[in-house]
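Student: Structure here, sequence nowhere to be found:
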Ligand SMILES: O=C(O)CCC(=O)C(=O)O
Ligand SMILES: [Fe+2]
């Protein structure tokens, strides 16, 4: 009885494993397009993480780490959100040798790409408004020398976002008048009224094909 059960489990695992290597066709269409248009990945995108964020949920500042090739493409759907980039605390001097690391190669109505411009010089913190149906690609020094994160907050300040003008033109930001102290300036914010879904596309460089031994 036990032997039959373990055979069944093995058969099921084999079945599951056969289905793992390929991304579903609807997702492959997206990843292939990102790959072809950006020309930034060394091979097909083989890892996509789908995250869902409620309006008050974010992700703590982190680095994506060495398991991935150092290029990330994040497709954003649903609510806009502000992503903050902060220089890694362990790195005092991180002026990139590979350009600024935020790429602006894809231009497509469905893939609004943000260009961080010169604000990355000398490792200043910076933030980007990730707009609905936009694609953010970051790489090189931004991948290795910065942490990226999203605050757990329904209302996010974005006065200094590198793409604030685009965000204003797209109508995703609101202006709040500041209290008494500075009547002449205002606070620019986004309200995350809805859920946000992101597709984070990467290349895992070392894939172990025969992880299950039967
Ligand atoms: O959801 C996002 O926009 C970011 C996700 C992310 O940074 C990650 O999965 O490593
Ligand atoms: Fe990340």
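Tutor: Received it, and whenever you're ready, just let me know what you need. As the structure is a prediction and not an experimental result, all values here were calculated from the model. Ligands and ions are numbered 1, 2, ... in the order given.

Student: Could you use CA atoms for every contact and neighbour count after this?
Tutor: Fine.

Student: In stretch 45-58, which residues are buried?
Tutor: 45, 46, 47, 48, 53, 54, 55, 56, 57, 58 (16 or more other Cα atoms under 10 Å).

Student: so what's the second one closest to, chain neighbours aside?
Tutor: Put plainly, it is residue 46. Using Cα to Cα, 6 or more residues apart in numbering and skipping residues adjacent in sequence, the residue nearest residue 46 is residue 203, 5.3 Å away.

Student: State whether the one you found and residue 68 are indeed in contact, as I suppose.
Tutor: Yes: counting by Cα atoms under 8 Å, residue 68 is a contact partner of residue 203 at 5.5 Å.

Student: any chance you could map the strands in this structure?
Tutor: In the chain, the strands defined using DSSP state E lie at 47-53, 59-62, 71-78, 81-87, 126-130, 134-139, 146-150, 155-157, 174-177, 186-191, 196-202.

Student: can you list the residues of this structure near ligand 1?
Tutor: Contact residues, the chain versus ligand 1 (Cα under 6 Å from any ligand atom): 51, 64, 74, 198, 200.

Student: any chance of these in a markdown table, with distance to residue 85 and pLDDT too?
Tutor: What follows is the residues of the chain next to ligand 1, written out as a markdown table (distance: Cα to Cα, whole Å; pLDDT from 0 to 100):
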| residue | distance to residue 85 | pLDDT |
| --- | --- | --- |
| 51 | 19 | 98 |
| 64 | 13 | 95 |
| 74 | 14 | 98 |
| 198 | 17 | 98 |
| 200 | 16 | 98 |
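
Student: Of those, keep whichever come out buried.
Tutor: 64, 74, 198, 200.

Student: Pick out the most distant pair among those.
Tutor: Greatest spatial distance in those: 64 and 198, 15.1 Å, computed using Cα to Cα.

Student: roughly how far apart are the residue of the chain found nearest ligand 1 and residue 76?
Tutor: Closest to ligand 1 within the chain is residue 198: 4.8 Å, counting by Cα to the nearest ligand atom. Noted for residue 198: a distance of 5 Å to residue 76, by Cα to Cα, to the nearest Å.

Student: If anything else comes up later, I'll come back, but that's it for now.
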